[in-house]
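Asks: Sequence and predicted structure below; questions after.
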Amino acid sequence: MQMKPLAASLTALASVIALAAPALAQDAAPAECQVKEFAMGLRYQQQSAEVRALQLQAYALARANLEAAIAQAGGAAGLAVVSDLDETAIDNTPLLVRDMEKCHVYDTWDTWGDWELRGKPTPIPGALEFFDFADKAGVAIYYISDRFGEPENKAATIATLKELGFPQVSDETVLLYGTSKAERRAVVSKDHKIVLLLGDTLHDFDGVFRKAPTDVKRAEVDKNAAHFGADWIVFPNATYGDWSTAPLTAWDAELVVK
């Protein structure tokens, strides 16, 4: 039986749509992949020369300030440096990029444990040189991080740091997630004077910043301005943080395109 022309056309169109549907769905996926909004931040963190310059600048400042602290104390005995790990001493952006490309929201941290066990982070520029200087100067080094503290993960983190060449890496000096960072810093303070804190998030420096709203953090930054660039050295991290959901402020003028 011969189809009427309109019916035949509709049938043919339906067949084409059916065949094209998988490709169309694949093309549409990126628009539905909300984690893609992190692409610019990840590109800046991983690829920009500016972030590399900021990291080198931070470690140069850390060394100068540590030298001054040693001189002021009359020696390194009893002094300690406390540093965060992720995005401060080691770079984990390959994990974040992989997750983003798979449309997986990486700041749920459910892929981080596997990365700690099998991943290959790299040292932040300037990190190894700074910690080598601190070690040779006789300053104690403690790594306080919110990486997973399970025995298997801690062993993997310690092995990774040793493989990368970080000094003074041991079960006693690598203090991972469990208690708050403030409590872990207090453990270090029992036997040492902490003269330098390094981190990429503000609770690496003071417990007042932990889980605080962004406006409170901004106010506390102003109150603690004297610390920044002195005994608190902040590293850039455009890839994750509490700020990622903060509302933006826009210019209220009418859009004019010329």
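Replies: Received it, and whenever you're ready, just let me know what you need.

Asks: What are the boundaries of the helices in the protein?
Replies: 5-32, 39-47, 49-73, 93-101, 112-118, 127-137, 151-164, 181-189, 214-223 (DSSP state H).

Asks: can you tell which of these is closest to Asp252?
Replies: For the helices of the chain, proximity to Asp252 was assessed by C-beta to C-beta; helix 214-223 is nearest, at 20.1 Å. Any C-beta I mention is one placed from the backbone N, CA and C, and that applies to glycine too.

Asks: what comes into contact with that closest one?
Replies: Where contact means C-beta atoms under 8 Å, 6 or more residues apart in numbering, the residues beyond helix 214-223 that reach it are 202, 206, 208-209, 212, 228, 242-243, 246.

Asks: quick one: low-confidence parts of this protein?
Replies: Along the chain, segments meeting pLDDT under 70 span 1-31.

Asks: Please convert the buried members of the contacts of helix 214-223 into PyMOL selection syntax.
Replies: A single PyMOL command is used to select the members of the contacts of helix 214-223 judged buried by 16 or more other C-beta atoms under 10 Å:
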select buried, resi 202+206+209+212+242
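
Asks: Using TSV, please lay out the contacts of helix 214-223 together with distance to Gly138.
Replies: As requested, those are exported to TSV (distance: C-beta to C-beta, whole Å):
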residue	distance to Gly138
Leu202	29
Asp206	26
Val208	31
Phe209	30
Ala212	36
Phe228	26
Asp242	36
Trp243	37
Ala246	42
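
Asks: Mind checking which of the contacts of helix 214-223 land in strands?
Replies: Using DSSP state E, no member of the contacts of helix 214-223 sits in strands.

Asks: Now flag whichever of the contacts of helix 214-223 is closest to Gln57.
Replies: Phe228 (13.1 Å).

Asks: beta partners for the closest residue to the closest one other than its chain neighbours?
Replies: Leaving aside its sequence neighbours, Phe228 sits nearest to Val234 (C-beta to C-beta, 6 or more residues apart in numbering; 6.4 Å). For Val234, the beta-bridge partners are Gly199 (DSSP bridges).

Asks: thought Val234 was touching Leu197?
Replies: No - if you go by C-beta atoms under 8 Å, Val234 and Leu197 don't touch, sitting 9.4 Å apart.

Asks: mind listing what the residue nearest the centre of the chain touches?
Replies: What sits nearest the mean C-alpha location of the chain, by C-alpha atoms, centre = their mean, is Glu87, with 4.1 Å. Listed by C-beta under 8 Å, 6+ apart, the contact set of Glu87 reads 45, 124, 200, 235, 237, 239.

Asks: try Val208
Replies: With the criterion set at C-beta under 8 Å, 6+ apart, Val208 makes contact with Glu220.

Asks: neighbours around the closest residue to Gly207 other than its chain neighbours, how many?
Replies: Spatial nearest neighbour of Gly207, excluding adjacent residues (C-beta to C-beta, 6+ apart): Ala182 at 3.4 Å. The number of residues packed near Ala182 is 16, by other C-beta atoms under 10 Å.

Asks: Many thanks, have a good one.
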